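[1] what follows is a predicted structure for the sequence shown.
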Amino acid sequence: MTTLISFLGKGRYEKGGYRTANYRFGPDFSREVPFFGMALAEYLKPQRLILVGTSGSMWDVFFERESGQHDESLLELIDAVETDAVTGDLLADHATRLSKRLGYPVTCLLIDYARDEAGQAALLGNLANVLNDGEHVTIDVTHSFRHLPMLALVAARFLARVKKVDVDEIYYGAYDMKDESSGDVPVIRLKGMLRMLDWVDALSSYDKDGDYGVFASLLTEDGMVPDKAGKLRTAAFRERVNHIKGARQELTVSLNAISEHDGPLGGLFKGELERRIAWARRPERSQQELALAASYLERRDYLRTAIFLLEGLVTQEVFQRKGNDGDYTERNEARKALADGNRSFKTLDLLRNSLAHGSRSDNREVAALLTNEKSLQETLARFARELPQ
């Protein structure tokens, strides 16, 4: 189902309601109307219309024009609007008449003025209650109170998460941008703001779990070649299974593509994305592993911190011995040598084992670390500072 949600405000710009404007949707479609939502409904042909307004919104002017009503019920509605006392019962009959004229259901949703956090939260809940899971929704904020477009943006994100609603677009009829020569008022599409929030969400998600695969679909939508963007997912998987060399190979391709990418949103977030996966630019394997250990410590992923920190130190030791850092035997010998000569490394080794196996350690120091998060963080941070040579 496709639903249009249109906000109805309170302001009276001239006698008879809103100013009439010729809204231009494209080269082949424009409509001269006072209420933008009705032109948008004709343009989109939705299956349902939800009108959202307060107890003082211009319901009377709207229904008088759109439903052609001039009876007692309209007089009641006029009085209610004047006294800021419109109720759902007063609107029900008017909505039914408009539904018959349009040929699809019309619902009137009363909201308060959303002056405070409670009212703003109530608006989101009320919208969720009148929508179905998986519904396609378009939002019109043209005639809303000036603070409601910001809330509509939050509502779009909330509904997408809670009701799995697909927000197809957010529209705004920009009267103040009227072309004086043609008389046309441009129609602004604001879904780009939702895509910006998707990027912000992706950055937050990455900072939490380190999965840069979340950027793949966003970069594809922004114009990057899908194969190059998709390598971020492959790289994230390989990193998760500790195949650092493979992860770096995939990331190198993606990093080069990101550096050259000039999409509007990818360009905006390029610097932050490159910074978050910059470990792949480091020339030595030990540097890459130690950088990953530091990033996982920031995320409080103590198992991966211990794994990458220990492996980075072992790789460093093998390199100093001029050995092959991919040879298991040489790595094991280096690990034993480090443990024999360095108490802190031995503690790290025992800690890694305990974290990996989910078991308590017989070592008192390690056992104590596993019962105190602050001490564990500080100890791992100290190891990361002091152990690399």
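    All right, it came through fine.
[2] kindly export stretch 134-144 (C-alpha atoms) in CSV.
    This file holds the C-alpha atoms of stretch 134-144, laid out as CSV (Å, rounded to 0.1, in the frame of the first residue of the first chain):
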residue,chain,number,x,y,z
GLY,A,134,6.0,-2.6,5.1
GLU,A,135,3.8,0.2,3.9
HIS,A,136,5.2,2.7,1.3
VAL,A,137,4.9,6.2,2.6
THR,A,138,5.4,9.7,1.1
ILE,A,139,5.4,12.7,3.5
ASP,A,140,4.4,16.3,2.7
VAL,A,141,5.6,18.9,5.1
THR,A,142,4.7,22.0,3.1
HIS,A,143,2.0,23.5,5.3
SER,A,144,3.1,22.1,8.7
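[3] buried sites along it?
    Using 16 or more other Cβ atoms under 10 Å as the test for burial, stretch 134-144 gives 135, 137-144. Placement of C-beta: from N, CA and C, glycine included.
[4] show the pLDDT at H70.
    With respect to pLDDT, H70 scores 66.
[5] ditto for D340
    89.
[6] helix or strand: which one has it?
    Element membership for D340, per DSSP states H and E: helix 328-341.
[7] report the secondary structure state of the residue nearest to the spatial centre of the chain.
    The centre of the chain sits closest to D198, judged by Cα atoms, centre = their mean, with a distance of 3.1 Å. The three-state label given to D198 by DSSP: H, G, I helix; E, B strand; the rest coil is helix.
[8] can you name the residues that contact it?
    Contacts for D198 were tallied using Cβ atoms under 8 Å, 6 or more residues apart in numbering; they are L218.
[9] could the buried residues of stretch 134-144 go into a markdown table alongside pLDDT and distance to T329?
    Shown next, in a markdown table, are the buried residues of stretch 134-144 (pLDDT from 0 to 100; distance: Cβ to Cβ, whole Å):
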| residue | pLDDT | distance to T329 |
| --- | --- | --- |
| E135 | 92 | 60 |
| V137 | 95 | 61 |
| T138 | 95 | 64 |
| I139 | 94 | 63 |
| D140 | 95 | 68 |
| V141 | 93 | 66 |
| T142 | 92 | 71 |
| H143 | 89 | 74 |
| S144 | 86 | 70 |
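[10] what about those residues, which are in strands?
    Taking DSSP state E as the definition of strands, these contribute 137-140.
[11] out of these, who's nearest S73?
    Closest approach between these and S73, by Cβ to Cβ: D140, at 25.4 Å.
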